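Participant: okay, predicted coordinates and the sequence, questions at the end:
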Amino acid sequence: MSFRDLLERIKRDHLEVIESFLQREEEKIIKAVALTKEVILNGGKILIFGNGGSAADAQHLAGELVNRFKRERKPLPAIALTTDTSVLTAISNDYDFSQVFVKQIQALGKKGDIALAISTSGKSPNVIEALKTAKELGLYTIGLSGGLGGSMPPLCDILILVPSYDTPRIQEGHLLFLHIFSELLEISLFG
């Protein structure tokens, strides 16, 4: 297979996954935006977390919300739980890596906040444990995953799934979600 053929296959797979993703998950995306707007207007915040590429997505979304997406507006309360290396390494060293997001949710989360979990497989132990803790503490839970969502479905109030088991295609769908979510939230809050 030539590079040109490979590129065409990747492009075709990408477009098919994205089109299917938007058709299947449109209502859940709109529901997630509406919930987030309500939480922010009630003084709540969004705690975002994931591993690897999903950690980068968590930081990306927090940056779009705290700074701005497309328009000048006041900052929105979002924290990526993936950025404080002292906290992450202390928890991993003293307890276990499965607790890195749990302890931060216990420290920073309050009833009525949102825990937004990102996991391509839906099986990451630290993400699953954090969702359990968030539910116990009364946070709303939004999940972003692929395939059937692994262990996430019973733990998420809203679970947005990219219809693929191919990690790059799932992550491309997640990035599109981050941008759609940011733009719709910005418009709904600031006109």
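Facilitator: That came through fine. Numbering: from 1, shown residues only.

Participant: C-alpha from now on. contacts and neighbour counts both.
Facilitator: Will do.

Participant: just checking, what packs against the longest helix along the chain?
Facilitator: Longest helix in the chain by number of residues (criterion: DSSP state H): helix 3-41. Helix 3-41 sits against strand 158-162, helix 167-190, with contacts defined as 3 or more Cα pairs under 8 Å, 6 or more residues apart in numbering; DSSP states H and E.

Participant: tell me the angle of the longest one relative to helix 3-41?
Facilitator: Relative orientation of helix 167-190 and helix 3-41, computed by axes from the mean of the first three to the mean of the last three Cα atoms, to 10 degrees: 30 degrees.

Participant: related to what we said a few turns ago, so of the helices and strands packed on helix 3-41, which one's packed in deepest?
Facilitator: strand 158-162 (a mean of 25; mean count of other Cα atoms under 10 Å).

Participant: what are the pairing partners of it, and which direction each?
Facilitator: Take DSSP bridges as the rule and strand 158-162 pairs in its sheet with strand 140-146 (parallel).

Participant: contacting residues around the strand it pairs with?
Facilitator: With Cα atoms under 8 Å, 6 or more residues apart in numbering as the test, strand 140-146 has contacts from 32, 111-122, 131, 134-135, 152, 155-165, 170, 174.

Participant: repeat that for 6 Å
Facilitator: Contacts to strand 140-146, defined as Cα atoms under 6 Å, 6 or more residues apart in numbering, come from residues 114-120, 122, 156-164, 170.

Participant: kindly export it (C-alpha atoms) in PDB.
Facilitator: The C-alpha coordinates for strand 140-146 follow below in PDB (Å, rounded to 0.1, in the frame of the first residue of the first chain):
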ATOM      1  CA  TYR A 140     -22.400  15.600  37.900                       C
ATOM      2  CA  THR A 141     -20.300  13.200  35.700                       C
ATOM      3  CA  ILE A 142     -19.700  13.600  32.000                       C
ATOM      4  CA  GLY A 143     -17.600  11.000  30.200                       C
ATOM      5  CA  LEU A 144     -15.900  11.100  26.900                       C
ATOM      6  CA  SER A 145     -14.800   7.800  25.500                       C
ATOM      7  CA  GLY A 146     -14.900   5.500  22.400                       C
END
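
Participant: and that strand, what's buried?
Facilitator: 140, 141, 142, 143, 144, 145, 146 (16 or more other Cα atoms under 10 Å).

Participant: which pLDDT value goes with the nearest residue to residue 133 once chain neighbours are set aside?
Facilitator: Closest residue to residue 133 apart from its sequence neighbours, by Cα to Cα, 6 or more residues apart in numbering: residue 102 at 6.2 Å. Per-residue pLDDT puts residue 102 at 98.

Participant: so how far is residue 110 from residue 102?
Facilitator: Residue 102 sits 13 Å away from residue 110, going by Cα to Cα, to the nearest Å.

Participant: with neighbour numbers in mind, choose between those two.
Facilitator: Taking other Cα atoms under 10 Å, residue 102 and residue 110 do not tie; residue 102 has more neighbours (22 against 17).

Participant: how close does that one get to residue 95?
Facilitator: Counting by Cα to Cα, the gap from residue 102 to residue 95 is 11 Å.
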